[in-house]
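**Q** quick one: sequence plus predicted model below, questions after.
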Amino acid sequence: MHLFGLNIPDLFYRHWHGSFECDTRNGDSKVSWDWVCLLGETWAKHGEQVASARQFLPGSFDRPPRNPAEKISSGYKCWEFLNWFYGMAPGFLYGILPEQYWKHYCKLVAAVRIVFQRRSSAAQRTRAHILLSDFAHDYEVLYVRRKVSRIHFVPQCMHSITHAPTETCRVGSLICTCQFAMERIIGDLGAEIRQPLNPFANLSQRALRRARVNALTTMLPDLDNATMPTSSKVPLVDMGDNYTLLHPREPRSHPVGDDEDIVILRYIEDCVGPVHACACWVDNMRSCVQRWARCRLPNGQICRSAWKEVANGMTQTARNVRVSSLYYLQQVQYYFRCTFGGQLQTLALISKYGPLDQTLLQLSSGVVWAAQLPEPPCRQLEVIDIKGIVATVAMIPCNSLPCAMSSVCKGQVYFAMDKLGVDIDDIVGALERRVYISCCNILGVINSGSCNFGGLRPNRRRVAQPLTRETRAPICSCSHGEVGVYCSCSHEKNTQPAELNTGPAAKAYK
């Protein structure tokens, strides 16, 4: 949290802002600092871009960053630094930072986005290690340049970042073991204090109760199978696999536009053939659909649609989505349900963004995904299964970025921004969707001593033993292994972290 969220952003802010102390006694001069670019009007304009991008961030992106030119020294929060430095700045600083410094900075962003994932494969961790090793080596070449007068440019955090991928192999995902989890539990337990006269005794008892409930629900998951209460007055459809259609919904079906009619018919034809598609869509449904506005994903994010966001003038946009494991940028127009092939299907009508700029994608180490959204005469509509939507992304406009679209179809240029550590929402979203069984009922089972788990009879004085190195899940060293996930391979499990310093730059840095 503090390493990537505060120390590293502060280090490079001082570089680009030129606020580092210049050691003139040992021959250094600010004239040679060619990386200084965020000054005067350039810094003020960048701050306005960051502040104006707030409306393009979905509500699930936590705290949107404020104008850094005005607020960076006024209690700028950690999540504001993360969203600004690793989300918006790579796109906004293109053409402002000199190219060699911008490419160097994008290596850091690409690696941190991998490190912040809750699940990561061995190949991803190896790539993150190589990127961070190259970044640390190039930092000394570009910024320090082996000058004695710039020793203070190299704080301890520049060394610590190279250990992040290997620490993931040793202790698990850093997003789950860093200060975020600790501060979250401090806030939760602090809110539960109900005895001001004995706050610390009350806090310890609340923490003990939380630990007992967590231990019991871990050993007996069936105790935690309650579902979200629903109202008959609010339209809601559970589609399985933790996908849920949410209101608002049209009261009745309405005819679709001509271009939408053709796209939906072609999708049904691909599924059941032309004859059945015509009978289903034209004869039975009469080219009419009942539109839905929102969908809740398994990670807890709420995907909206242009149907209601445009009409209601939403202050934050949440209709841009990433589909399947591949990075397709699409904008949801609306959701609907259609029966064909003997099954009721839940689909989404989407508008596709233009092709990505491959040159920019390669220069940025896969960080900046820039594309145009064609205007209505040239927009490309498509129908997809709603369960192909993986996550909600932010599409932020930035006309300074190049684009690969032809000159025939014009449109605003956007770059994509994922929420950092988006799959951590698998945990948070699951917690928000469940209604927990009363702690008192669970503690009644524990304190009564009436349960027996493998010969262990819990009581008020017994505390659960922490996991040891021997009881921790083995880590698979194959290419598809994931931290904390058992592998189905037949080969022997490896409990030691794999050696990751394989890149040429990593060896040079070592």
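**A** Arrived safely, thanks for sending.
**Q** next up, phi/psi of Leu347, please.
**A** Here is the backbone geometry of Leu347 (degrees, to the nearest 10): phi -120, psi 170.
**Q** again but with Gly18, I slipped
**A** Dihedral pair for Gly18: phi 70, psi 30, per degrees, to the nearest 10.
**Q** residues touching it, list them.
**A** Gly18 makes contact with Lys30, Trp33, Val36, Leu39, according to CB atoms under 8 Å, 6 or more residues apart in numbering. In short, each C-beta sits where N, CA and C put it, glycine included.
**Q** the last one touches Ser19, doesn't it?
**A** No: contact status for Leu39 versus Ser19: not in contact, 10.0 Å apart, counting by CB atoms under 8 Å.
**Q** coming back round to it: using JSON lines, lay out the contacts of Gly18 together with distance to Arg150 and secondary structure.
**A** Shown next, in JSON lines, are the contacts of Gly18 (distance: CB to CB, whole Å; DSSP: H, G, I helix; E, B strand; the rest coil):
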{"residue": "Lys30", "distance to Arg150": "12", "secondary structure": "helix"}
{"residue": "Trp33", "distance to Arg150": "10", "secondary structure": "coil"}
{"residue": "Val36", "distance to Arg150": "14", "secondary structure": "coil"}
{"residue": "Leu39", "distance to Arg150": "20", "secondary structure": "coil"}
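**Q** which of those residues tops the neighbour count?
**A** Ranked by the number of neighbours (other CB atoms under 10 Å), the contacts of Gly18 place Trp33 first, at 16 neighbours.
**Q** Asn202 in helix, strand or coil?
**A** Following DSSP: H, G, I helix; E, B strand; the rest coil, the label given to Asn202 is helix.
**Q** nearest residue to the residue most central in space within the chain other than its sequence neighbours?
**A** By CA atoms, centre = their mean, the chain has its centre lying nearest to Val422, at 2.2 Å. Once flanking residues are discounted, Val422 sits nearest to Ala391: 5.2 Å by CB to CB, 6 or more residues apart in numbering.
**Q** so what's the gap between the strand or helix carrying that neighbour and the chain middle?
**A** Ala391 is part of strand 389-392, with elements assigned from DSSP states H and E. Counting by CA atoms, centre = their mean, to the nearest Å, strand 389-392 is centred 10 Å from the centre of its parent chain.
**Q** by contact count, what packs against it?
**A** On a contact count with 3 or more CB pairs under 8 Å, 6 or more residues apart in numbering; DSSP states H and E, strand 389-392 meets strand 302-303, strand 320-323.
**Q** got JSON lines for those, with distance to Ala191, mean neighbour count and mean pLDDT too?
**A** Formatted as JSON lines, those follow (distance: least, CB to CB, whole Å; neighbours: other CB atoms under 10 Å; pLDDT from 0 to 100):
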{"stretch": "strand 302-303", "distance to Ala191": "24", "mean neighbour count": "20", "mean pLDDT": "92"}
{"stretch": "strand 320-323", "distance to Ala191": "33", "mean neighbour count": "24", "mean pLDDT": "90"}
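**Q** using PDB, write out every CA atom in the helix or strand hosting Lys107.
**A** Here Lys107, judged by DSSP H and E, is contained in helix 99-115. Extracted C-alpha coordinates of helix 99-115, given in PDB (Å, rounded to 0.1, in the frame of the first residue of the first chain):
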ATOM      1  CA  GLU A  99       9.500   9.400 -24.900                       C
ATOM      2  CA  GLN A 100      12.300   7.500 -23.200                       C
ATOM      3  CA  TYR A 101      11.100   8.500 -19.700                       C
ATOM      4  CA  TRP A 102       7.500   7.800 -20.700                       C
ATOM      5  CA  LYS A 103       8.400   4.200 -21.900                       C
ATOM      6  CA  HIS A 104      10.400   3.700 -18.700                       C
ATOM      7  CA  TYR A 105       7.400   4.800 -16.600                       C
ATOM      8  CA  CYS A 106       5.000   2.500 -18.400                       C
ATOM      9  CA  LYS A 107       7.100  -0.500 -17.400                       C
ATOM     10  CA  LEU A 108       6.500   0.300 -13.800                       C
ATOM     11  CA  VAL A 109       2.700   0.700 -14.400                       C
ATOM     12  CA  ALA A 110       2.500  -2.600 -16.300                       C
ATOM     13  CA  ALA A 111       4.300  -4.500 -13.500                       C
ATOM     14  CA  VAL A 112       2.200  -2.900 -10.700                       C
ATOM     15  CA  ARG A 113      -1.000  -3.800 -12.400                       C
ATOM     16  CA  ILE A 114       0.100  -7.500 -12.300                       C
ATOM     17  CA  VAL A 115       1.300  -7.300  -8.700                       C
END
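**Q** returning to what we had before: what comes into contact with the strand holding Ala391?
**A** By CB under 8 Å, 6+ apart, the list of residues contacting strand 389-392 from outside reads 58, 60, 295, 297, 299, 301-303, 318, 320-325, 332, 348, 418-419, 422.
**Q** low pLDDT regions in the stretch 101-250 of the chain?
**A** Low-confidence segments of the stretch 101-250 of the chain, defined by pLDDT under 70: 176-178, 225-233.
**Q** where do the helices sit along it?
**A** For the stretch 101-250 of the chain, applying DSSP state H, counting those that start in this stretch gives helices covering 122-139, 157-160, 164-171, 174-177, 179-191, 199-219.
**Q** may I have the phi/psi pair for the closest residue to Tyr94 other than its chain neighbours?
**A** Excluding the flanking residues, the one nearest Tyr94 by CB to CB, 6+ apart is Leu401, at 5.9 Å. Main-chain torsions, Leu401, degrees, to the nearest 10: phi -90, psi 150.
**Q** which strands and helices lie in contact with the strand or helix carrying Glu48?
**A** Using DSSP H and E, Glu48 falls within helix 40-52. Secondary-structure packing of helix 40-52 (3+ CB pairs under 8 Å, 6+ apart): helix 68-71, helix 89-92.
**Q** that older thread, indicate which one of the helices and strands packed on strand 389-392 is closest to Gln372.
**A** Of all the helices and strands packed on strand 389-392, strand 320-323 sits nearest to Gln372, with 13.4 Å by CB to CB.
**Q** in the helix or strand that that closest one is followed by, which residues are buried?
**A** Going down the chain from strand 320-323, the next helix or strand is strand 328-340, by DSSP H and E. Residues of strand 328-340 classed as buried by neighbour count (16 or more other CB atoms under 10 Å): Tyr328, Leu329, Gln330, Gln331, Val332, Gln333, Tyr334, Tyr335, Phe336, Arg337, Cys338, Phe340.
**Q** and strand 328-340, what's its mean pLDDT?
**A** For strand 328-340, the mean per-residue pLDDT is 90.
**Q** distance from stretch 265-275 to the middle of the chain?
**A** With CA atoms, centre = their mean, you get 35 Å for stretch 265-275.
**Q** hmm, back to that, neighbours around the residue nearest to Val422, how many?
**A** So Ala391, with other CB under 10 Å, has 20 neighbours.
**Q** ok, what's across the strand from it?
**A** Judged by DSSP bridges, the bridge partners of Ala391 are Arg322.
**Q** quick one: residues contacting the closest residue to Trp43 other than its chain neighbours.
**A** Leaving aside its chain neighbours, Trp43 sits nearest to Ala69 (5.2 Å; criterion: CB to CB, 6+ apart). Residues counted as contacts of Ala69 (CB under 8 Å, 6+ apart) are Trp43, Ala44, His46, Gly47, Glu48.
**Q** wait, doesn't the third one sit right on Pro68?
**A** This means His46. Yes: shown here, His46 and Pro68 form a contact pair, counting by CB under 8 Å, at 7.5 Å.
**Q** that older thread, ok, then the element right after the strand holding Ala391?
**A** Note on strand 389-392: by DSSP H and E, the next helix or strand toward the C-terminus is strand 394-397.
**Q** neighbouring strands - and their directions - for the following helix or strand past that following strand?
**A** Downstream of strand 394-397, the next assigned helix or strand under DSSP H and E is strand 411-417. Sheet pairing here is set by DSSP bridges, and for strand 411-417 it gives strand 370-374 (antiparallel), strand 394-397 (antiparallel).
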